[in-house]
Structures are given as C-alpha cells and as structure tokens.
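>>> build me a structure from this.
(2 chains)
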Protein chains: 2
Amino acid sequence: MISLDFTKTTDGLLPAIVQDYQTNEVLMLAYINKLAWEKTLETGKAHFWSRSRNKLWLKGETSGHVQNIQQILVDCDDDTVVYKVEQLGGAACHTGHRSCFYRLRDGEELVTLEEKVFDPAVVYGKK
Amino acid sequence: MISLDFTKTTDGLLPAIVQDYQTNEVLMLAYINKLAWEKTLETGKAHFWSRSRNKLWLKGETSGHVQNIQQILVDCDDDTVVYKVEQLGGAACHTGHRSCFYRLRDGEELVTLEEKVFDPAVVYGKK
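Numbering: from 1, shown residues only, chains lettered A, B, ... in the order given. So this is what the prediction gives:
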C-alpha cells in the first residue's frame, strides 16, 4: 500500500483532486483519510471522508455517479493526490453540473460556465 | 471582491488547485487565506499562505517562477478555487519537476513520470 503523510493535518485529512482522465478538467476536490485512501486503492472507485457527515463516502453511493479510477498521482511531499477518473453519469457536482468548478471569476462577479447535466431534485430526491 | 467561505476550516485556510491554463495539467495545490486571496486578485499573480513558514507567499518570490493568473474558477460551496495560470520558468515544483504530481501509482510503487526542468540547487541555492 502506498503510504501518504496523514500526519500533515491535525484532522488527518488530505485533499484529493478529481480530474477527468480524458479532458483533464478538474471535476471536484474532496478529502481523504487513511480509510478512504485504502478503500479507493482496494476497489478502484473514488472514496472520500465526508466532513459534513463524518463518515466514509463512496462517491456516487446515492446518485450512482461513481468515479472509476484510471490513474492516481501523488505529489512531492505525499500530502495531496490526484484521482484521474471516468465519471459515470456525466456529472460530479451535487448541483447537477459536470464539474463543481462551474463558475468563472469575471471581475467582481462569478459567471456560470455550463448548463446542468442532471436535475438534482430527480437524482437525490426533493428536499 | 468575490468572497469565499474561509470559515469552513478551523485554520481559515482553503485549498487552491493550480492548473496550467493551456494543457489543464494540475501543477500543484497550496492553501490560501483571505489575505492571499485578496493579493492574488489585486496583483494577478498567485499568492498562497505558507503553512510551514506561516506567512504570505508569492509563488516564485525566490525562484522567479511566478504564476500569472489567466482564469479563476470557484467551486459550488465557495471553499475551493482553481487558478488557471501561465507558469513562468516551466516548472511549479520545488524539486525541479514541472508539476508536483510527477509520480504515478503503479501497483505498490510510485514511478516518476517526467524529468526535472531545472536543478533546485541552482535555483534555490545549495543547502
């Protein structure tokens, strides 16, 4: 098992950047602890640690929008990783956008770059 | 000034992903606080908060390898940004590699993907 430096942060969480393996578009960033890292390596599906729910999170467990790992890159000081993935369902963001980074800075404003791929009310249920 | 949610973490730091604006290669990840974010917007050059030195960090202040901001993307919940940059000097990593993510997971090992662009002993001085 490739070891990362989980002692770098007081909460034991490291950032994982998720990138589309074909276009290199950054789809999202989430956090991993040792358990999420091990589950990702074992299963080939992106796992994270949910900071809001404080539990292991298989990306796509609710939506079905699983991220199949194609490559993993590790940074120079072992405290950040890049997951290059095949994004099932065409979108990574819970808002329905392909990427969580769907807003571009334009002076003092943020402009939305792209339309939604899915309707979150349908995928996650109305709240 | 576009406001980010710096209350998301106890230390007030948010991750900033740095991506080559032409190839979309992820070059590095570093952290920003409110001051680093404001300096980046004001100057058009990537600024971070150095966790090891606990001070404002203009990327390239020692090496000259400044990152000129071309675009800034903000994520869905205002706690992560992408800086799309022109990387001066051809390399972002202090090791001399173009990207900090120069190692690819291959089973139980990490393999180095690319040669160094510069010799860190020359750029930073021997230590």
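>>> ranges for the strands of chain A?
A:14-20, A:26-32, A:47-50, A:55-58, A:67-74, A:81-87, A:103-106, A:109-112 (DSSP state E).
>>> around chain B, which positions in chain A sit nearby?
A:1-2, A:15, A:17, A:19, A:23-26, A:28-29, A:71-77, A:80, A:82, A:93-95, A:97, A:100-105, A:108-110, A:113 (CB under 8 Å from any CB of the partner chain). Using the backbone N, CA and C atoms, a C-beta is placed for each residue, glycine as well.
>>> give the bridge partners for the closest residue to residue A:80 other than its chain neighbours, please.
Excluding the flanking residues, the one nearest residue A:80 by CB to CB, 6 or more residues apart in numbering or on different chains is residue B:29, at 4.7 Å. Beta bridges link residue B:29 to residue B:17 when assigned by DSSP bridges.
>>> give me the nearest residue to residue A:124, chain neighbours excluded.
The nearest residue in space to residue A:124 (CB to CB, 6+ apart) is residue A:62, at 6.2 Å.
>>> list the contacts of the lengthiest helix in chain A.
Identified as the longest helix of chain A according to DSSP state H is helix A:34-43. For helix A:34-43, the surrounding residues in contact (CB atoms under 8 Å, 6 or more residues apart in numbering or on different chains) are A:1-2, A:4, A:6, A:12, A:32, A:46-49, A:56-58, A:69, A:72, A:81, A:83.
>>> which of these count as buried?
A:2, A:4, A:6, A:32, A:46-49, A:57-58, A:69, A:72, A:81, A:83 (16 or more other CB atoms under 10 Å in any protein chain shown).
>>> Serialize these to TSV and add fields for pLDDT.
What follows is the buried ones among the contacts of helix A:34-43, written out as TSV (pLDDT from 0 to 100):
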residue	pLDDT
A:2	92
A:4	97
A:6	97
A:32	98
A:46	98
A:47	98
A:48	98
A:49	98
A:57	97
A:58	98
A:69	98
A:72	98
A:81	98
A:83	98
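>>> tell me the contacts of the closest residue to residue A:13 other than its chain neighbours?
Counting by CB to CB, 6+ apart, residue A:31 is the residue found nearest to residue A:13 once chain neighbours are left out, at 4.1 Å. Residue A:31 is in contact with A:13-16, A:48-49, A:51, counting by CB under 8 Å, 6+ apart.
>>> now, which of these sits nearest residue A:117?
residue A:48 (20.4 Å; CB to CB).
>>> pLDDT at the residue lying closest to that closest one once chain neighbours are set aside, what is it?
Spatially, and ignoring its direct neighbours in sequence, residue A:48 is nearest to residue A:30 (4.0 Å; CB to CB, 6+ apart). Taken from the predicted model, the pLDDT recorded for residue A:30 is 98.
>>> contacts only, for residue A:30.
Contacts of residue A:30 (CB under 8 Å, 6+ apart): A:15-16, A:18, A:48-49, A:57, A:59.
>>> stretch A:99-114 spans what distance, first to last residue?
The first residue of stretch A:99-114 is 9 Å away from its last residue (CA to CA, to the nearest Å).
>>> do stretch A:74-82 as well
7 Å.
>>> repeat that for stretch A:12-27.
23 Å.
>>> how far away from the center of its chain is it?
6 Å (CA atoms, centre = their mean, to the nearest Å).
>>> and if you look at stretch A:75-84?
With CA atoms, centre = their mean, you get 13 Å for stretch A:75-84.
>>> picking that back up, and the strands of chain A: which comes nearest residue A:118?
That would be strand A:81-87 among these, by CB to CB, at 11.9 Å.
>>> can you list contacts of the helix or strand bottoming out on mean pLDDT in chain A?
The helix or strand of chain A with the poorest confidence is helix A:120-124; it has a mean of 84 (mean pLDDT, DSSP states H and E). Here helix A:120-124 makes contact (CB under 8 Å, 6+ apart) with A:62-65, A:94-96, A:127.
>>> buried residues, stretch A:82-94. List them.
A:82-85, A:87-88, A:91-94.
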